[in-house]
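Undergrad: turn this into a model:
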Amino acid sequence: MEYMQQSETGISIQVSLSGYSFKVSGPEGVSRSGWLPSGQLFTTPEFQRRYSNVEISLFTPKVALVPESFFNAQTAREALEDVCRLKENDLVEYARVPKFGAVMVYSNSIGESLSDTISNTVFNTAGERAKVLPELWFMLKDLALCPDYNKILCSWIDGHLYLVIAQGSSLLLTNVYTAADFTTAEYFIFLALKRLQLNPEVSTICFRTPLEYDQEMSLYRYFKSVEVL
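TA: Numbering: from 1, shown residues only. Coordinates of the predicted model:
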């Protein structure tokens, strides 16, 4: 497996309670790691170099999207508590999503330290650490990579389905569902599409998390195409 010079490559790292995966992109294409246990962190050679761009996403279900016009930094915690249960010492942060005129309020306090360790290990070419942001923030960023007018983007890991749906540039849904298995994840996907009156048979469904062969084949029974971004 060959990679480009560090100045020409980017790395996108996803972190969950069960481990991590990464994707290295360069002029010659994309290389994916698949899902790896946290114990392999310090023996991952791709983490020992620098990249022109570093992205680190954390699968936190503690997230809410607030319209910019309604957002108030002083009440960010209250806005997040409206959609999820927070512990007293959970740190609440926010990141703007200007493309959709919104602000993402979130907490990375989910009982892990792997994301911070990776952030302090993998640097960009300027020697700067990447900020750890929610998976949903990167999903909104990557919606433009979905090929169809109906844009359906998912991630599924650790019993949670992260789902973003848009039509063209209009965002229709951003949500996190508790889905202990992939069948339940599919149920929530189809429920959302039905409520939005979108036809899966003419749509491509995209995932940011790796798919097993049987999961991909199951999706092909209902969708025009299945892609892993």
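
Undergrad: give me every residue that touches the residue nearest the centre of the chain.
TA: Most central in the chain under CA atoms, centre = their mean is residue 135, positioned 2.8 Å from the mean C-alpha point. Neighbour list for residue 135: 14, 57-60, 155, 162, 208 [criterion: CB atoms under 8 Å, 6 or more residues apart in numbering]. Just so you know, the C-beta spots here come from the backbone N, C-alpha and C atoms, and that holds for glycine as well.

Undergrad: lowest-confidence helix or strand of the protein?
TA: Ranked by mean pLDDT, DSSP states H and E, the helix or strand of the chain with the weakest confidence is strand 29-32, at a mean of 88.

Undergrad: which helices and strands sit right next to that strand?
TA: Taking 3 or more CB pairs under 8 Å, 6 or more residues apart in numbering; DSSP states H and E as contact, the helices and strands that strand 29-32 lies on are strand 19-26.

Undergrad: list the contacts of the strand it packs on.
TA: Around strand 19-26, the neighbours that count as contacts under CB under 8 Å, 6+ apart are 3-4, 8-14, 30-38, 41, 44, 46, 51, 114, 118, 209-210.

Undergrad: among these, which lie within helices?
TA: Among the contacts of strand 19-26, the members falling in helices are 114, 118 (criterion: DSSP state H).

Undergrad: which one is the residue nearest to the centre of the chain nearest to, not counting chain neighbours?
TA: residue 57 (4.5 Å; CB to CB, 6 or more residues apart in numbering).

Undergrad: what's the helix or strand for the one you found?
TA: Assigning secondary structure by DSSP states H and E places residue 57 in strand 53-58.

Undergrad: so after that strand, what's the next helix or strand?
TA: strand 63-67.

Undergrad: for that following strand, which strands pair with it and how are they oriented?
TA: Strands that pair with strand 63-67, judged by DSSP bridges, come out as strand 102-106 (antiparallel).

Undergrad: how about the contacts made by the spatially closest residue to residue 145 that is not a sequence neighbour?
TA: The spatially closest residue to residue 145, leaving aside those adjacent along the chain, is residue 229, at 5.3 Å (CB to CB, 6+ apart). When the contact criterion is CB under 8 Å, 6+ apart, the partners of residue 229 are 142, 145-146, 153, 206-208.
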